[in-house]
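>>> Provide a 3D model corresponding to the input given below.
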Amino acid sequence: MKKLLLITMISVIGFTKALAQDIEFGAKLVINYANLYGDYDGDDSGVTSLINFGVMSEIHINEKFSFQPEIMYSMQGFSTGNGNDDLVNLNYLNVPLMGKYYITKGFSVEAGPQIGFLLSAKNDGEDVKSSFKGLDFGVNFGLGYKLENGLNFGARYNLGVSNINDVDGSSDTFRNGVAQVSIGYFFL
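Residues are numbered from 1 along each chain as shown. Model prediction:
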């Protein structure tokens, strides 16, 4: 898994340098509303998490198109009880690779793949990481707005496409589904 993360980061940096006409670097803070979906008989509900953050760069290919790779620490999961009772916390290091199209000055639509590396999984303090696969693949869709001073806002949905269930003997399919609202700032 560490080799895959290293290869991904090297590829992103190489791709960035090859295409870049203009590069901006920044950071962002995200609020997630996360849940699972799939073909299982679970009675779960989503959870909202406030501690999600990361770094990003935006590589401008031309006036309308840009590429935005990110590295994000993301708290995800679900609740098997009412509200936030009996939480299953899934902590990921996500690497979204977003293509952006600017419809008008500052307003963009974005889409792209994401790979997630499971860092930890806990249920009421108990380690349950062995019940979940270490890699999660997804597709992101979203909207963004960037002010000229670098401040930016976004709304995105991550649709998990891979089954993250790794319980022996279980045929249930669990996929992450995460709605996100973000605020960020480009420094350079």
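>>> Val109 and Leu143 touch, don't they?
Yes: between Val109 and Leu143 there is a contact under C-beta atoms under 8 Å: 5.9 Å. C-beta here means a position set from N, CA and C on the backbone, and glycine is covered the same way.
>>> where does this protein dip in pLDDT?
Low-confidence segments of the chain (pLDDT under 70): 1-21, 40-44, 50, 81-85, 188.
>>> again, only using 80
1-21, 39-51, 80-86, 188 (pLDDT under 80).
>>> Helices of that one, residue ranges please.
Assigned by DSSP state H, the chain shows helices spanning 2-19.
>>> So which residues of it form strands?
Ranges of strands in the chain, per DSSP state E, are 22-37, 47-60, 65-79, 87-104, 107-123, 126-127, 135-146, 151-160, 175-186.
>>> tell me the most buried of the ones you listed?
strand 65-79 (a mean of 21; mean count of other C-beta atoms under 10 Å).
>>> how big is the angle separating that strand from strand 175-186?
Here the directions of strand 65-79 and strand 175-186 differ by 130 degrees (axes from the mean of the first three to the mean of the last three C-alpha atoms, to 10 degrees).
>>> Show me what strand 65-79 is packed up against.
helix 2-19, strand 22-37, strand 47-60, strand 87-104, strand 107-123, strand 175-186 (3 or more C-beta pairs under 8 Å, 6 or more residues apart in numbering; DSSP states H and E).
>>> In CSV: these, plus distance to Gly154.
CSV is the format used below for the helices and strands packed on strand 65-79 (distance: least, C-beta to C-beta, whole Å):
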stretch, distance to Gly154
helix 2-19, 19
strand 22-37, 8
strand 47-60, 10
strand 87-104, 10
strand 107-123, 8
strand 175-186, 4
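>>> Could you point out which of those sits nearest Asn149?
strand 175-186 (8.5 Å; C-beta to C-beta).
>>> just the CA coordinates of stretch 46-60, formatted as PDB?
Output of stretch 46-60 as PDB, limited to C-alpha atoms (Å, rounded to 0.1, in the frame of the first residue of the first chain):
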ATOM      1  CA  GLY A  46     -25.000   8.700   8.000                       C
ATOM      2  CA  VAL A  47     -22.600  10.700  10.200                       C
ATOM      3  CA  THR A  48     -21.400  14.200   9.900                       C
ATOM      4  CA  SER A  49     -17.700  14.800  10.600                       C
ATOM      5  CA  LEU A  50     -16.000  18.200  10.900                       C
ATOM      6  CA  ILE A  51     -12.300  17.200  11.000                       C
ATOM      7  CA  ASN A  52     -11.400  16.800   7.300                       C
ATOM      8  CA  PHE A  53      -8.500  18.700   5.800                       C
ATOM      9  CA  GLY A  54      -5.800  18.600   3.200                       C
ATOM     10  CA  VAL A  55      -3.700  20.200   0.600                       C
ATOM     11  CA  MET A  56      -4.300  20.800  -3.100                       C
ATOM     12  CA  SER A  57      -2.800  22.200  -6.200                       C
ATOM     13  CA  GLU A  58      -4.500  23.600  -9.300                       C
ATOM     14  CA  ILE A  59      -2.700  23.200 -12.600                       C
ATOM     15  CA  HIS A  60      -4.200  25.500 -15.300                       C
END
